[in-house]
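> From the sequence below, what's the structure:
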Amino acid sequence: MIDRRLLREEPDRVRAAMEQKGMADVDLDAVIALDRQWRSQKQEVDDLRHERNTISKEVGELKSAGEDEAAAAAIDRSQRINAALDELETETEALETELIDAMMRIPQLPDPAVPVGEDETDNVQLRRWGFDHHRDLPDPVIPHYDLGESLGILDFERGAKVAGGGFYFTVGEGAMLEHALIQYMLHVHREQGYIDVFPPIPVRSTAMEGTGQFPKFTEDAYRLGGANTESYEPTDLWLCPTAEVPVTNMFRDEILLADELPLKLQAYTPNFRREAGEHGTETRGIVRVHQFNKVELVNFTTPDAAADRFDGLVSEAEAILQGLELPYRILEMCTGDLGFTQRKKYDIEVWAPADEMEDGPPEGGRWLEVSSVSHFGAYQARRAGLRYRPERHESAEYLHTLNGSGLAVPRVMVAIMEYYQTPEGTVTVPQALRPYMRGRHEITGGVHFGEQAVGAGLRD
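Numbers count the residues shown, from 1 in each chain. This next block holds a predicted model:
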């Protein structure tokens with residue numbers, strides 16, 4: 001969350017930032033009044049505690065002096081203060097809970113250098129890569145969903161039968177491609193100095209609050225029901241929407257040391273999102289689904305090193321696309337397209353040449369976001385209690401967090417199936433992935449079940 005001092009001292013700056021983000025739905029004046037009331041009552045609590053401590057000292061002195069009547073009067077006054085304190089402390093704690101909830105609904109302020117804009121049309125393209133000499137493509141390029149089904153490597157019908165819409169099977173060489181991408185990404189990032197972690201998939205509400213998914217975006221999350229009960233009442237566990245949540249909260253309420261920073265962690269997880277509000281978009285294929293694999297990069301750093309680490313994180317994520325020789329571009333998000341928790345964000349978008357889109361590249365096809373590299377400043381750190389000690393003898397300060405996908409696997413698969421497509425309707429395996437696919441140079445498919453004829457199967 002934002003610093004409370006900023007809200008108290010520069011409310012107009014906070015209000016302007018909320019308007020720039022298009023998130024001015026919080027009554028800031030009401031939050032400021034709540035903070036003022038909480039501070040007033042907290043001061044009253046502190047004053048009463050000080051008075052009680054003073055009286056306790058007086059009681060001892062009066063008893064020592066033999067002034068029992070005066071001591072009894074002091075004890076009576078102390079008991080009245082205790083009764084008042086009990087009531088006031090309860091009220092103050094309730095006020096603080098209400099204040100924290102209100103503060104959690106105030107978005108992060110954009111970095112002053114972020115371009116001001118209303119929506120994605122005002123984002124700024126920073127650079128493109130891989131378009132100078134891209135591959136010769138079939139005409140037309142078959143969309144990944146049609147190609148995947150014809151090859152037998154994507155099965156949407158059986159995925160929907162098992163889990164509902166937005167779920168699918170990868171089969172045979174399709175599953176091999178997915179595993180290969182995950183292993184390739186993990187390998188590249190290890191070489192970049194990342195430490196592997198394999199986090200829990202269920203996460204608590206407090207973890208979702210720590211990274212900013214809650215309380216604002218609860219409708220997008222999958223909640224777990226209680227096991228071994230007849231009612232299956234909801235628990236306080238949610239399916240991980242991104243590894244950002246468990247990995248960032250790994251050090252919740254802990255203090256790291258400056259010489260441990262920057263700390264670079266990577267985690268592969270399946271991710272689960274309802275994509276509430278997105279019904280009717282991307283209904284075909286694996287671009288927008290409810291379960292998807294991703295390798296997430298999470299960085300913890302000092303405030304003064306955060307800007308350079310952000311640029312480094314962008315380079316580390318785009319190295320995957322360069323290794324796969326997939327054309328892509330990098331966009332800087334304007335204020336109106338920043339997320340709730342982000343101070344600054346770059347999107348890495350890969351080129352998928354099959355489906356024509358109005359806002360697609362000049363070469364045709366469309367852009368698919370495969371990574372959002374985000375700088376959160378101390379916003380998540382305040383919510384999750386993430387601190388570091390500059391020197392062992394110095395006071396702890398809030399660190400800065402950054403993260404980005406390295407990368408979202410299904411959308412990279414889409415790009416590979418379309419960009420590496422052959423005129424024969426097969427898919428050339430990118431050079432970088434062949435060691436992870438038993439040396440295969442080509443995806444030919446051929447696995448079909450049931451009444452469909454079984455083809456060539458998996459070729460070595």
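> contacting residues around Cys240?
Pro199, Pro200, Ile201, Pro202, Val203, Pro246, Thr269, Pro270, Asn271, Phe272 (C-beta atoms under 8 Å, 6 or more residues apart in numbering). In short, each C-beta sits where N, CA and C put it, glycine included.
> quick one: Asp25 is in a strand?
No - counting by DSSP: H, G, I helix; E, B strand; the rest coil, Asp25 falls outside a strand, being coil.
> what's around it, how many residues?
Residues within reach of Asp25, counting by other C-beta atoms under 10 Å, total 9.
> which residues sit in contact with Ile320?
When contacts are counted by C-beta under 8 Å, 6+ apart, Ile320 is found next to Tyr184, Met185, Val188, Gly406, Leu407, Val412.
> cool, Met103 as well?
Counting by C-beta under 8 Å, 6+ apart, Met103 makes contact with Met1, Ile2, Arg4, Leu7, Val31.
> State the pLDDT value of it.
Among the per-residue scores, Met103 holds a pLDDT of 91.
> next one: Gln125
96.
> What distance do you get for it to Leu331?
6 Å (C-beta to C-beta, to the nearest Å).
> more neighbours, these two?
Here Gln125 and Leu331 are compared on neighbour count by other C-beta under 10 Å; more neighbours surround Leu331, at 20 against 11.
> List of residues touching whatever helix or strand that one lives in?
Here Leu331 is covered by strand 328-332, with elements defined by DSSP states H and E. Strand 328-332 has contacts (C-beta under 8 Å, 6+ apart) with 114-115, 123-130, 314, 318, 321, 344-351, 361, 367, 370.
> next structured bit after that strand?
Remark: after strand 328-332, the chain's next helix or strand is strand 344-352, criterion DSSP H and E.
> could I have that next one exported to CSV, CA atoms only?
Taking Å, rounded to 0.1, in the frame of the first residue of the first chain, the C-alpha atoms of strand 344-352 are listed here in CSV:
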residue,chain,number,x,y,z
LYS,A,344,5.9,1.0,-13.8
LYS,A,345,5.3,-1.8,-16.3
TYR,A,346,6.6,-3.0,-19.6
ASP,A,347,4.7,-5.6,-21.6
ILE,A,348,6.6,-8.1,-23.8
GLU,A,349,4.4,-9.1,-26.7
VAL,A,350,5.2,-12.0,-29.1
TRP,A,351,4.1,-12.0,-32.7
ALA,A,352,1.5,-14.6,-33.7
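> which secondary structure elements does the following helix or strand past it contact?
As assigned by DSSP H and E, the chain's next helix or strand after strand 344-352 is strand 366-375. Where contact means 3 or more C-beta pairs under 8 Å, 6 or more residues apart in numbering; DSSP states H and E, strand 366-375 is packed against helix 306-324, strand 344-352, strand 400-408, helix 409-419.
> orientation of strand 366-375 relative to strand 400-408 in degrees?
Orientation check (axes from the mean of the first three to the mean of the last three C-alpha atoms, to 10 degrees): strand 366-375 against strand 400-408 gives 160 degrees.
> list the buried ones in strand 366-375?
Under the neighbour-count criterion of 16 or more other C-beta atoms under 10 Å, strand 366-375 has Arg366, Trp367, Leu368, Val370, Ser371, Ser372, Val373, Ser374, His375 buried.
> Switch the residues you listed over to TSV; also include pLDDT.
Below are these laid out as TSV (pLDDT from 0 to 100):
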residue	pLDDT
Arg366	93
Trp367	95
Leu368	96
Val370	97
Ser371	97
Ser372	96
Val373	98
Ser374	97
His375	98
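> which residue lies farthest from the center of this protein?
Distance from the C-alpha centroid of the chain peaks at Gly66, with 66.3 Å (C-alpha atoms, centre = their mean).
> pLDDT value on that one, please?
73.
> Kindly report the same for the one 4 residues further on.
According to the per-residue confidence, Ala70 scores 76 in pLDDT.
> hmm, back to that, list just the nearest of the contacts of Met103 to Asn293.
Met1 (30.7 Å; C-beta to C-beta).
> thinking again about what came up before, what subset of the contacts of strand 328-332 is buried?
Buried among these (16+ other C-beta under 10 Å): 114, 123, 129-130, 314, 318, 321, 344-351, 361, 367, 370.
> that older thread, with mean pLDDT as new columns, can the helices and strands packed on strand 366-375 be given to me in a markdown table?
As requested, the helices and strands packed on strand 366-375 are exported to a markdown table (pLDDT from 0 to 100):
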| stretch | mean pLDDT |
| --- | --- |
| helix 306-324 | 98 |
| strand 344-352 | 97 |
| strand 400-408 | 95 |
| helix 409-419 | 97 |
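> Leu386: neighbouring residues, count only.
Other residues close to Leu386 by other C-beta under 10 Å number 25.
> right, and it touches Phe251 too?
Yes - here Leu386 reaches Phe251: they are 5.7 Å apart, a contact under C-beta atoms under 8 Å.
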